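**Student:** Can you look at this prediction? I've put the sequence above it.
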Amino acid sequence: MSERTSPLPSLPRLVAWAVGLAVMVAVPFYAEAFFLQAGVFAMAAAIGAIGLNLLTGSTGQLSLGHAFFLAVGAYGYVYLAGESGNGLAGLGLPTWLAVVGAVLLAGLAGGLFSPIAGRLRGTYLGIASLALVFIGQHILHNAHAVTGGANGRDVPPLEIAGFSFADTPELVVLQVPFRALEKLWFLALALLLLAAWIARGVLNGRPGRAMNTIRDHEIAAGVMGVPVARYRAAVFVVSSMYAGLAGVLLAMAFRRTVPDYFGLLLSLEYLAMIVIGGLGTVAGAVIGAVFVSLLPPLFTRYADGLPLIAPPGSGGVSPAEASRILYGAIVVAVVLFLPGGLMGLWQRLRASTAARRKSTPSPRMEPEEQPA
Amino acid sequence: MTTFAELLVNGVSIGSVYALIALGFVIIFKATEVVNFAHASLLLVGGFAVAKLVGPLGFWPALLAGVAIAAAVAALVELLVLRRSRAGDHHVLAIVTIGVDILITTELTRQIGTEVLSMGDPWQSAVVEVAGISVPQTRLAALVTAVALITCFLLAFRFTDWGVAMRVAAEDREAAALMGVRLNRVSLAAWAVAGALAAVAALFLTVFPTPGLDRSTSLVALKAFPAAILGGLDSTTGALVGGLIIGLTESLASGYQNDLTFLGRGLGDVAPYLVMIVILLIRPAGLFGTRELARV
C-alpha cells in the first residue's frame, strides 16, 4: 500500500525521481536494440500489471482473464488502424485514434463482463474469468477477417501528427539514430508514467479506500455506503482498459500479433508479476512486471554463461522454461516468506534501517479468526 | 439419431471423468477452503507417472503407482506449501497454488516435449456395439470406474470416521478442532485423495480416442474448473452434475460442430466455458452451492 505522501515530496525522493527519469531517458542513447525491445515489453507489461493490481491486489478480485483484455487491446488497435484487403478487414482510422479506440474497446469488453464481475467474489470470479481466455482464443483463431486467424496480423506503426513511430523516416537525435524501438521506448515510458500516476491517484483517494475496504471486508464496505457491486464492476473495467493499453504497446513492439501469445500462460504471468512485486501497490506492480518480463530475454542472452540453462531446442531447460520455473518458485516463496512482495521487503528494510521513521502499518486487516 | 445416442454416451462418460477431477477440487475446497489451481498439474503428474511406468511395470501396477505418486505429490504440496502459509487469507493461498501449478506444469511439459505418451491400457481402440451404437471400450471403462469411485467416496464421506471428520471440518473448523478432529490430517487426506482421483482421471483423459498424454493435456484438465464451479464449489453433488453438464456440452458441441460452422472450429473446447458463464449469470454461487448468508 502506498503511503500517504505529504504535499511537497521530500528532497531525497525528488532526487531519486530525477535520477531515475534521467537514466530512463538516457537508455535509448546507449543500449542496443535487444535491450530496448526487452525494455519496451517490460514497460508495457508494467502498465498491464498496474491494472491487474488495481483489481486483484487492491480490490481482492482474482482475475485469470487478463490475457483476454490484452488481446482485445492489441487486436482492437490492429483492426481499427489496419487497412482492409487480403481477406482482412480494417477500419483504417488514424493510428492515434485507433489507440484510444482500442483502450475503450478493452474497457467495453470489461464492461460486458460486469454482470459476472460485479456479482461473483474472489475465486469464483477467478475461475469465471478463466472462460475469457478460452473464449478469446476461440475468437482469435476463428474471426479470420478481424484477427488474421492463427497466423496473426501485421501491426501498423503509430503516427501522431505526422510523427511516425516506424523505422523509416529515421530521426537522428544527438547523433544517435532513432528507429522504431527508440521512439517506442519514449512512448512506453510516457504512457507508463501516466498510467502509474492515474493509478496512484485512484488508490490514494476515495475510490482506493473503498476498494481496499471491499477487499478486506465486503460487508463492512457495504454498510459504510460503498456500492460494492458497482465498484467491483468499475474496477474490472478500469483494469481492462489498462490491459488494453498494454496490449496496444505490446502489439507495436511485436509488430505482429499472434493468438497463441495471449493464452492462459500470459494471465498467469501477470498474476506472478503482481504477487512478486507486491499486491496492492503501483510500484510493486511495476517492479514485478520488470522482473518477470526481463527474465526470459536475459536468460536467452546469457544462456551460455548461466548454469543449467540450455539454448532453446537442445533438450535442456530452455530460457523460457527456466524463467517460468524461477518465477513460479518465487511466487510460492514470496507468499510463504515475504508477504507484501518485493515492495513489502523494501518497506520493511527501510523501516528497520530508519528507526526514527515509524514503519507504515500493514493496511490489510488481520484475519478475523485464526484457524486452529 | 444414432449419432446423438453415441454423443450422449460419450458425453456422459467424459463428463464422469470431469466429475472425478471436479470432485477432488471440491474436496480440497471443503476441507481447507483453498481453491486449488494446481489441480490440472496434479493430473499431469499422475498421467505422466503412469505413462512412464507402464513400460517396466505393466499397466495395472503402473496405474497404482501413478495414483500413489499423484497422491504423494498432492500431499507434499499441502505439507510443504499450504500448511506453512496457513495464516494468509484464502485469496492469497489460491495464488500460491497458481505458483505451484506453473512450476509443475512447466517441468512436466518440458519432460514430455513434443512426444505423445501412450498409456498402454488394455482396452486400446476396441469398440463395443450396443443396440446399434458403437462406443469405445475406454469410454465404458471410464464410466464404470468413475461411478464406482464416486460411489465409494460418497459412502466413505457419509459413514467412515474420516468422512465425518471431513464434513465436520467443512462445517465449522473451530468446533471441529475443539472436538478433537485433527485439521492437519483432514486437509492432508483431502489433498491426497484429490491427487489420486486426478491420476485416475488422467488415465481416462488420455486413452482412446485421444492420442495420448501430451503437453496440452493440462489444458483439457482445466475443464474440470467450470465443472466444479457451475455445480457450486462447496457441493459434491454439484461437482458430479457439473462434470456431466460439461462433458455433455463438450461432446455435443464437437459432435455437431459441422452444423454450427458459423460459430467457428473447435467449438467443443469453448462451449463448456460458455455454459459456465450462462449458469453463473443466473446463479452466482453455482447450481448447488450454498449462498453465503451474512448476518450483520
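**Tutor:** Good, I have the coordinates.

**Student:** what comes up buried for stretch B:121-133?
**Tutor:** B:121, B:123, B:133 (16 or more other CB atoms under 10 Å in any protein chain shown). Quick note: C-beta positions are derived from backbone N, CA and C, even for glycine.

**Student:** Please narrow those residues to those residing in strands.
**Tutor:** Among these, the members falling in strands (DSSP state E) are B:Ile133.

**Student:** Kindly indicate which of the buried residues of stretch B:121-133 lies nearest chain A.
**Tutor:** When the buried residues of stretch B:121-133 are ranked by distance to chain A (CB to the nearest CB), B:Asp121 comes first, at 28.3 Å.

**Student:** if we can go back for a sec, keep only the buried residues of stretch B:121-133 that also lie close to chain A.
**Tutor:** Contacts with chain A within these, counted by CB under 8 Å from any CB of the partner chain: none were found.

**Student:** Residue nearest the middle of chain A, spatially speaking?
**Tutor:** Residue closest to the average C-alpha location in chain A (CA atoms, centre = their mean): A:Gly48, at 1.9 Å.

**Student:** Just list the residues touching the spatially closest residue to that one that is not a sequence neighbour, thanks.
**Tutor:** The shortest distance from A:Gly48 to any non-neighbouring residue, by CB to CB, 6 or more residues apart in numbering or on different chains, is to A:Ala246 (3.3 Å). By CB atoms under 8 Å, 6 or more residues apart in numbering or on different chains, A:Ala246 lies in contact with A:44-45, A:47-48, A:51, A:70, A:73.

**Student:** Farthest pair within the residues you listed?
**Tutor:** Using CB to CB, the pair of these lying farthest apart is A:Ala45 and A:Gly73, separated by 12.6 Å.

**Student:** and these two? which has more neighbours close in?
**Tutor:** Higher neighbour count among A:Ala45 and A:Gly73: A:Gly73, with 34 against 29, using other CB atoms under 10 Å in any protein chain shown.

**Student:** buried sites along the helix or strand containing the more buried one?
**Tutor:** In this structure, A:Gly73 sits in helix A:66-81 according to DSSP states H and E. Judged by neighbour count (16+ other CB under 10 Å), helix A:66-81 contains these buried residues: A:66-81.

**Student:** Name the nearest of those residues relative to chain B.
**Tutor:** Using CB to the nearest CB, the buried residues of helix A:66-81 come closest to chain B at A:Phe68, 11.3 Å.

**Student:** Show the backbone phi and psi for B:Trp60.
**Tutor:** With angles defined as degrees, to the nearest 10, B:Trp60 sits at phi -60, psi -50.

**Student:** wait, B:Glu129
**Tutor:** phi -100, psi 120.

**Student:** Likewise for B:Asp172?
**Tutor:** Here B:Asp172 shows phi and psi, under degrees, to the nearest 10, equal to phi -150, psi 100.

**Student:** That one: neighbouring residues, count only.
**Tutor:** 11.

**Student:** Get me the contact residues on the stretch 151-296 of chain B for chain A.
**Tutor:** With CB under 8 Å from any CB as the criterion, the stretch 151-296 of chain B meets chain A at residues B:173-174, B:177-178, B:183, B:219, B:222, B:225-226, B:228-229, B:233, B:263-267, B:269-270, B:273-274, B:276-277, B:280-281, B:284-285, B:294, B:296.

**Student:** mind running it again at 7 Å?
**Tutor:** B:173-174, B:177, B:183, B:225-226, B:229, B:264-266, B:269-270, B:273-274, B:276-277, B:280-281, B:284, B:294, B:296 (CB under 7 Å from any CB of the partner chain).

**Student:** now the residues you listed: which count as buried?
**Tutor:** B:173, B:177, B:183, B:225-226, B:229, B:266, B:269-270, B:273-274, B:276-277, B:280, B:284.

**Student:** Farthest pair within those residues?
**Tutor:** Farthest-apart pair in those is B:Ala177 and B:Gly266; separation 48.0 Å (CB to CB).
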